[in-house]
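Engineer: With the sequence up front, the predicted model follows.
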Amino acid sequence: MSLWGPRTLSVAAALIAPFTLSAQTSGGTVGVDTASIARIFATVSAPDAPGCAVGIARSAEPVFLRGFGGGALEHGQPLTPTSAFNIGSMAKQFTAMAALLLAQQGTLQLDAPVTRYITEWPASAGAIRVRDLLYHTSGLRDYNTLEVLTDSHVRTMSDFLDLMMRQRGLNFVPGTRQEYSHSDYSVLAAVIERATKAPFADVLQRLLFTPLGMTSTTVHDQRRMPIRERAFAYNVDTDGARTIFPQDELVGGDNVYTTVGDLLRWDRNFTTATVGGADLVRRFTTLATVNVPQPMPYVHGLWLGAYRGLRTVARRGGGGGFSTSYFRVPDAAVTVATLCNTQHHRAELFSHAVIDAMLGAQLATVAPPDTVATPPDEAVQLAGRYRSAEQPWNPVILESRAGRLVEILPDSAAFPLTRLRDGRYATFDYSYTFRQLSGGGMHLTVQYPDGREDLVRQAESPWRPTTVALPSYAGNFVSTELDAMYTVRVAGTRLMLQRSGVREMVLEPLSPDLFAALSGTREAFLLGVRFTRGKDSRIDGFTVGATPKSFESALGIRFAKVNMTQR
């Protein structure tokens, strides 16, 4: 998988009593240098631009709640501690807690197959347990990628389930790998509805939001549903801010609106165990035993890690124009919730800055990377196309430019890699480790924040289909899994791939019957197209695979060759 990712009003203040907000009132706070916090958010404080709200808790009690910037620019409404934001994937932790509570009550069996609850699910899902959804070991294709590959949009849970139940294949055998998929938690939400015979929103309200006093938190399962004190999302560019409206109603992994105050109420439960009890709350942030080759530091919708020498429990969310962060440092008993209404602001970076200001000397000094100049000729020696056995159509492309090693992304963007003294290379939060193979080849391990990938440098294949063979690949191909038709045509000495709604794509040959194509969508990524042959050796279809990021995979999607008279 290629590197692809973030490779980036008057102040409304609050006097804090325990979880009692006095918005719009400036004043002091308990144990917090308010001036330092205000300086951190100074760049997002303009009343006519989107901004952020921040909540800080110490020893499970709120000590700072404030909004910076505009929440509804059309109406001149500022952000306040009671502004409600869509927290994106941060919602997964609520879904996970609900599942564990229902299991504790005997309503949901985590080791039961998904088909026990969604009886109409296809046989391909028979081996998927509820537990696999919870820990991302299901193998389900990511619905975001499926949506990009099809001609329709997934707006509702009904749309989502219809799409997922058309799938006849998985990315991997359930329980054999751990790979983040947005599909898992939306299916889990559907399972919870079937197990409880109640709407998912009502289940979360009953199990979590009401007992914890999260009165400003709601599951947004209807796009047109009004949200009290909603912060609207904006895209910010050189022309200013543009409003982004909700695009779907999918629940389980997204579409929870909440406030910084309510997030601190949720956070306090990790200390009080009001909901769930002490044992469940302890297990909630303890890595589960997942018998897979490369387990992620992830459990119940939260990432376990470290920041400047201290353990962290964290989650960030995005999408729909929002950028959100929940960041807890258990050993220091400090939590920061940062919610921003534009993805132009990196909420997690604001959370880090607040932790720096709050903890100061308790944090380990961050030494700058021990970098060295790239040794002469090393960039040339390491350059090439590195491919994995699973996705050979999706290489990591490294080039030597002006003596530096540079990664080239699918959209041709170039990112220089920094040479570290220990021999590794790095860029952003990725590292690249090279190893000479005994046979003379070169092995590359790319370490991502949520996993790693092993690749081997391969020489460019000389294989090209002959001009005589080209027409045999042409035709119309239909996928019942995507409810879509793709067309392959011959253009001179090349094959072109067509589908509605996107630019025509060139099929670049890699090896016999295997091709790669640039997606033709706004965010470029590579597709793998592997043609298949029947018993008569003629082309009878192909499979498509795509991994737009270091996750969100959808592999092995089947297309069958058809005559137009068959449709």
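Structural biologist: Ah, there it is.
Engineer: so what are the domain limits for this structure?
Structural biologist: Split into domains by automatic domain parsing, the chain comes to 378-458, 470-566.
Engineer: next one: the longest one to chain centre, how far?
Structural biologist: Counting by CA atoms, centre = their mean, to the nearest Å, domain 470-566 is centred 26 Å from the centre of its parent chain.
Engineer: What of stretch 329-338?
Structural biologist: For stretch 329-338, the distance to the chain centre is 23 Å (CA atoms, centre = their mean).
Engineer: Can you pull out the residues in contact with it?
Structural biologist: By CB atoms under 8 Å, 6 or more residues apart in numbering, the list of residues contacting stretch 329-338 from outside reads 52-60, 260, 263-264, 267, 285, 307, 310-313, 324-328, 347-348, 350-351, 354-355, 358-359, 362. (Glycine included, C-beta is placed from N, CA and C.)
Engineer: one more time with 6 Å, if that's ok
Structural biologist: 52, 54-59, 260, 263, 267, 310-312, 325-328, 347, 350-351, 354, 358-359, 362 (CB atoms under 6 Å, 6 or more residues apart in numbering).
Engineer: how far does stretch 218-230 stretch from start to finish?
Structural biologist: Using CA to CA, to the nearest Å, the end-to-end distance of stretch 218-230 comes to 11 Å.
Engineer: Next, the buried residues of it.
Structural biologist: Residues of stretch 218-230 classed as buried: T218, V219, H220, D221, I227, E229, R230 (neighbour count, 16 or more other CB atoms under 10 Å).
Engineer: Could I get those in JSON lines, plus columns for distance to A389?
Structural biologist: Shown next, in JSON lines, are the buried residues of stretch 218-230 (distance: CB to CB, whole Å):
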{"residue": "T218", "distance to A389": "45"}
{"residue": "V219", "distance to A389": "41"}
{"residue": "H220", "distance to A389": "41"}
{"residue": "D221", "distance to A389": "41"}
{"residue": "I227", "distance to A389": "47"}
{"residue": "E229", "distance to A389": "51"}
{"residue": "R230", "distance to A389": "47"}
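Engineer: can I get these in a markdown table with secondary structure, distance to T547 and pLDDT?
Structural biologist: Below are the buried residues of stretch 218-230 laid out as a markdown table (DSSP: H, G, I helix; E, B strand; the rest coil; distance: CB to CB, whole Å; pLDDT from 0 to 100):
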| residue | secondary structure | distance to T547 | pLDDT |
| --- | --- | --- | --- |
| T218 | strand | 33 | 96 |
| V219 | strand | 29 | 96 |
| H220 | coil | 28 | 92 |
| D221 | coil | 29 | 88 |
| I227 | coil | 34 | 90 |
| E229 | coil | 38 | 94 |
| R230 | strand | 34 | 94 |
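Engineer: ok, so of the residues you listed, who is nearest N86?
Structural biologist: Ranked by distance to N86 (CB to CB), those are led by H220 at 6.7 Å.
Engineer: my read: that closest one touches T258, true?
Structural biologist: No. Look at H220 against T258 with CB atoms under 6 Å: they stay out of range, at 10.2 Å.
Engineer: quick one on the thing from earlier: which one of the buried residues of stretch 218-230 is nearest to Q109?
Structural biologist: V219 (23.4 Å).
Engineer: That closest one reaches A201, doesn't it?
Structural biologist: Yes. Counting by CB under 6 Å, V219 does reach A201; the two are 3.7 Å apart.
Engineer: Pull the number of nearby residues for the closest residue in space to R129 that isn't next to it in sequence.
Structural biologist: With sequence-adjacent residues excluded and distances taken as CB to CB, 6 or more residues apart in numbering, R129 is closest to D111, at 5.5 Å. Residues near D111, counting by other CB atoms under 10 Å, number 9.
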